[in-house]
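**Q** Make a model of this:
(one chain, ligands or ions: 1)
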Amino acid sequence: MSDQHVPVARWARPPEGPALVLLDQTRLPAEEAELVCADVPALVAAIRSLAVRGAPLLGIAGAYGVALAAARGDTVAEAARLLAEARPTAVNLAYGVRRAERAYDGAVARGADPAEAAAAALAEAEDLHREDAEASDRMAGHGLALLEELLPTGDLRLLTHCNTGRLVSGGHGTAFAVVRAAHRAGRLRQLWVDETRPLLQGARLTAYEAAREAMPYSVLADNAAGSLFAAGQVDAVLIGADRIAADGSVANKVGSYPLAVLARHHRVPFLVVAPVTTVDPETPDGAAIVVEQRDAREVTELPSPAAGTTGGVPVAPSGSAAYNPAFDVTPPGLVSALVTERGVVSPVTENGIQELCSMSLSGESRSGNGMMNS
Ligand SMILES: CSC[C@H]1O[C@H](OP(=O)(O)O)[C@H](O)[C@@H]1O
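**A** Okay, here's the model as predicted:
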């Protein structure tokens, strides 16, 4: 494992490109392999196979995908449609695609030639990439401040689910960026890493990131989390999000909802960390969130880096059916706080979310609904 980070996503200009070069997350932790996406179908396949994954990074990849189509002279509108439809739950994907497509269309409307319009789409993707890195740093600050407020003394034993570090982000991630800040502040006593079946984003990716940060971490089977709560070994749960509905319902990796119920039962703070680009005011509530259903073989076979997300070692009889939702939905009432780059909403109410999203990045306010800000 090298000391240097292989970029999770980088734009390759000619003669190497145009291409979007990804760190292939299906090969981690065994191999830090790059995957070159030289056209939109290759990028769509990478999104669907989770070679690139995680809501904020999906938005960034989607935006670069539009820039790639434009640079190749492909039909941008069709490319944008294919990219936005590649995975349905993470709202950031369609958001990033739309931003780059609008930049392209705006340039064309102003009379730009194809090269200039392609450059406009690329510039928008690079802006989004940079903005997400800045958002990650701000979320880390707000999240650490919240942990300090909630748990002012003692070392922290934090539990995470799935993967929310730099592998999902233009920067250090979402929830994991808060864990990283706590660790660097000398507050992290133990990081409990849910393995996160079936694709093991926790065991494969969060453990990989925690090891790189020299954190004190332990991987656990998802169904062992309950006994940790019962033993009083969890001080807070931190998760990311793929879509947050207008009422504060949170879609996140499957297994998040049971953790929220456990946290409530054991009176442990359950914190959701996500950029405001993950909030979707067009989706009214949790019931309206489309939850991606994935291939049964992801459940009936153990993933192997060589085989990607399917084609691993069978653990069920061949042809077994499986229930494999990629996400579940946690109602706002079970969320202790929503941490974004613009501040913290606690409790998570529709008004609080609306106020948070209406704030400019420079806006600072603590509203009566319990909203805090930096
Ligand atoms: C903050 S984005 C990380 C988010 O994305 C993961 O889903 P997937 O690995 O399927 O892309 C999971 O929901 C994480 O919480």
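**Q** Leu68: helix or strand, and which one exactly?
**A** Following DSSP states H and E, the helix or strand that holds Leu68 is helix 55-72.
**Q** what's the answer for Val313, then?
**A** Take DSSP H and E as the rule and Val313 turns out to sit in strand 308-314.
**Q** Ala225 now?
**A** helix 225-230.
**Q** So which elements touch the following helix or strand past that helix?
**A** The C-terminal neighbour of helix 225-230 among helices and strands, as given by DSSP H and E, is strand 236-239. Strand 236-239 is packed against helix 114-150, strand 156-160, helix 175-184, strand 250-253, helix 256-265, strand 270-273, with contacts defined by 3 or more C-beta pairs under 8 Å, 6 or more residues apart in numbering; DSSP states H and E. Yep, even glycine has a C-beta here, placed from its N, CA and C like the rest.
**Q** Give me the contacts around strand 236-239.
**A** The contact list for strand 236-239, computed with C-beta atoms under 8 Å, 6 or more residues apart in numbering, reads 143, 147, 150-151, 156, 158-162, 164, 175-176, 178-179, 250, 252-253, 256, 259-260, 263, 268-273.
**Q** at 7 Å what do you get?
**A** 147, 150-151, 156, 158-161, 164, 175, 178-179, 252, 256, 259, 263, 268-273 (C-beta atoms under 7 Å, 6 or more residues apart in numbering).
**Q** Equivalent analysis for stretch 52-59, please.
**A** Taking C-beta under 7 Å, 6+ apart as the rule, stretch 52-59 contacts 8-9, 22, 25, 46-47, 61, 87, 90, 92-93, 95-96, 128, 132, 163, 167-170, 174, 240-242, 275, 277-278.
**Q** one more time with 6 Å, if that's ok
**A** Here stretch 52-59 makes contact (C-beta atoms under 6 Å, 6 or more residues apart in numbering) with 22, 25, 46, 61, 90, 92-93, 95-96, 132, 168-169, 242, 275, 278.
**Q** Could you identify the most distant pair in the residues you listed?
**A** Within those, Ala46 and Pro275 form the most distant pair, 21.8 Å apart (C-beta to C-beta).
**Q** Drop anything exposed from the contacts of strand 236-239.
**A** 147, 151, 156, 158-161, 164, 175, 178-179, 252, 256, 259, 263, 268-273 (16 or more other C-beta atoms under 10 Å).
**Q** can you tell me which of those residues are up against the ligand?
**A** Applying C-beta under 6 Å from any ligand atom to the buried ones among the contacts of strand 236-239, one finds that 164, 252 fall near the ligand.
**Q** For this structure, what lies in contact range of the ligand?
**A** Contact residues (C-beta under 6 Å from any ligand atom) of the chain with the ligand: 50, 53-56, 162, 164, 168, 174, 201, 239-240, 242, 252-253, 326.
**Q** now the helix holding Leu68 and helix 114-150, what's the angle there?
**A** 170 degrees (axes from the mean of the first three to the mean of the last three C-alpha atoms, to 10 degrees).
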